[in-house]
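S.K.: build the 3D model from these lines:
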Amino acid sequence: MGSNASWLSVYIDQVLFDLSRWHGVERTELEREAAAVQEAQQRESVSYAVTERYVNLLRLQRLAALDEERVHEAEWLDRRAATLLGAGRALDADREQVSLALEDARVQAGQRQQEVDDASAALSRLIGSASDDPPLFELVPDSIPAPTVSSDPVSDTAIGKAPELRILDLRRRMEEASLEAARAERLPTLSMRGGYFHYGTKRFDSFESEFAVGVDLHVPVFSGFKTSNAIEGASVALEAARLRYDAMRDNKRAKLKDLARQLAASQRQPELAERRARLADERLRLTDLALDAQRGSLADALSARTEADRARRTSIDVSSDRVLLWANFEREAGTLAKALVGEPSSETP
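M.R.: Predicted coordinates for the structure are as follows:
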């Protein structure tokens, strides 16, 4: 009587209501947002690494300048010791001690310069240079922001900016979407289907083609406990995500609180270290005057120089350590990149 099987069929199927699929789309959007936050977390890590190398290079340069000054002072004292030995006002042991101090200062200055070169090459590689040449920009100590702490560094708003916590929060929301999607598998789905069919030869009803439009209502009855198992698994994953988030939040709060306390405690340390350095320099000056006035000794001059050198180095280290402490705090808070370059570091595009 003719063919009743179409040789050309075109279908258009449009879902009208499928809550499980909608929750799946929501999870996909959260995954995309989590990927953007991970990029922000990487920027924070890179910002801290560059800041650490930059501050370390500045510190080594200041120490290298201090070593050069130490060599000049040791050379002056060595010449002075030779004069005193020739005049019979110093012993051979004192003269030898001064000479050893000069040699030690020269050796340390050479080693320090090598450290400066190595640190400069490391910074150059970190910022993307293809060679170990020194950076093509000038190192400016004032380019680093002044270390400060917000009024409430452990508030929920401040903690919520941390990329690690934001990622865990998004993971938790993704597990919530998965749980809702699993629960929605028990609900009916509604879709509309339309199609065109062409048979090619005349059928018994003399129609070569036809159009069809219908509504598909799917009501799940029994799926072999598949939906129940999926709900149970999603519930366990959600609870684990919540526990990870709570643990990270408490850990982040404790870490930020500790860093803020250390930063607040170190607020006056650079000033005090600078005052100690100035006091040691003044004692060194008075010791040299006493040596010239024949009221001092070479041993006293060497001791004063050792004390002054220690105080100067401590001042440099304290200042650098405070900047690194601030950078570590900002990295933990997720705001280091913003503090350095003025761009949002954890905002999703």
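S.K.: okay, and L16 sits in which element?
M.R.: L16 is part of strand 8-17 when elements are defined by DSSP states H and E.
S.K.: that strand: how far from the chain's middle?
M.R.: 50 Å (CA atoms, centre = their mean, to the nearest Å).
S.K.: check stretch 84-100 too.
M.R.: 54 Å.
S.K.: how about stretch 310-324?
M.R.: 22 Å.
S.K.: identify all contacting residues around the helix-or-strand element of the chain with minimal mean pLDDT.
M.R.: Scoring the helices and strands of the chain by mean pLDDT, DSSP states H and E places helix 156-160 at the bottom, with a mean of 78. If you take CB atoms under 8 Å, 6 or more residues apart in numbering as the criterion, helix 156-160 is touched by S150, D152, L165, R166, D169, R249, K252, R253, L256, A333. Every residue, glycine included, has its C-beta placed from N, CA and C.
S.K.: among the residues you listed, which are located in helices?
M.R.: L165, R166, D169, R249, K252, R253, L256, A333 (DSSP state H).
S.K.: contact partners for the last one?
M.R.: Each residue near A333 by CB under 8 Å, 6+ apart is listed here: P153, A158, I159, K161, A162, L256.
S.K.: of the residues you listed, which is the nearest to N229?
M.R.: Proximity of the contacts of A333 to N229 (CB to CB) peaks at A162, which lies at 35.1 Å.
S.K.: how many neighbouring residues does the closest one have?
M.R.: 26 (other CB atoms under 10 Å).
S.K.: wait, isn't it in contact with G334?
M.R.: Yes - using CB atoms under 8 Å, A162 is in contact with G334, at 4.4 Å.
S.K.: show me the shaky parts of the stretch 1-150 of the chain.
M.R.: Where the stretch 1-150 of the chain drops to pLDDT under 70, the residues are 1-5, 129-142, 149-150.
S.K.: going along the chain, name the helices of it.
M.R.: 19-86, 92-126 (DSSP state H, counting those that start in this stretch).
S.K.: figure out which of these is closest to D281.
M.R.: Taking CB to CB, helix 19-86 is the member of the helices of the stretch 1-150 of the chain nearest to D281, at 10.6 Å.
S.K.: how close does A333 sit to R253?
M.R.: 11 Å (CB to CB, to the nearest Å).
S.K.: returning to what we had before: can you pick the most crowded of the ones in helices among the contacts of helix 156-160?
M.R.: Ranked by neighbour count (other CB under 10 Å), the ones in helices among the contacts of helix 156-160 have A333 at the top, with 27 neighbours.
S.K.: can you give me the pLDDT of it?
M.R.: Looking at A333, its pLDDT is 86.
S.K.: likewise for the one 4 residues further on?
M.R.: pLDDT recorded at A337 is 85.
S.K.: could you say which helix or strand contains it?
M.R.: Going by DSSP H and E, A337 is in helix 336-341.
S.K.: what packs against that helix?
M.R.: In terms of contacts (3 or more CB pairs under 8 Å, 6 or more residues apart in numbering; DSSP states H and E), helix 336-341 is packed against helix 19-86, helix 298-333.
S.K.: tell me how far it lies from the chain's centre.
M.R.: Taking mean C-alpha positions (CA atoms, centre = their mean), helix 336-341 and its chain are 10 Å apart.
S.K.: and the two most separated of the ones in helices among the contacts of helix 156-160?
M.R.: Farthest pair in those, by CB to CB: D169 and L256, 16.5 Å.
S.K.: let me have the contacts of A333 in JSON lines, extended by distance to S228.
M.R.: Listed next are these as JSON lines, based on distance: CB to CB, whole Å:
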{"residue": "P153", "distance to S228": "46"}
{"residue": "A158", "distance to S228": "42"}
{"residue": "I159", "distance to S228": "37"}
{"residue": "K161", "distance to S228": "39"}
{"residue": "A162", "distance to S228": "37"}
{"residue": "L256", "distance to S228": "42"}
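S.K.: got the contact list for the residue positioned nearest the centre of the chain?
M.R.: Nearest to the geometric centre of the chain sits S45, at 2.6 Å (CA atoms, centre = their mean). Counting by CB under 8 Å, 6+ apart, S45 touches R331.
S.K.: where's it relative to A240, distance?
M.R.: Distance from S45 to A240, by CB to CB: 25 Å.
S.K.: do F17 as well
M.R.: 31 Å.
S.K.: correct me, but G296 touches L284?
M.R.: No - G296 lies out of contact with L284 (CB under 8 Å); the separation is 11.1 Å.
S.K.: just want to know which of those two has more residues nearby.
M.R.: For G296 versus L284, the count of surrounding residues by other CB under 10 Å is larger for L284: 20 against 16.
S.K.: measure the more buried one to L168 for me?
M.R.: Distance from L284 to L168, by CB to CB: 55 Å.
S.K.: check V98 too.
M.R.: Counting by CB to CB - V98 and L168 are separated by 62 Å.
S.K.: check R312 too.
M.R.: 45 Å.
S.K.: number of nearby residues for T148?
M.R.: T148 has 11 nearby residues by other CB under 10 Å.
S.K.: excluding its backbone neighbours, what's nearest it?
M.R.: Leaving aside its sequence neighbours, T148 sits nearest to W326 (CB to CB, 6 or more residues apart in numbering; 7.4 Å).
S.K.: tell me, how many residues neighbour that neighbour?
M.R.: Using other CB under 10 Å: W326 sits among 24 other residues.
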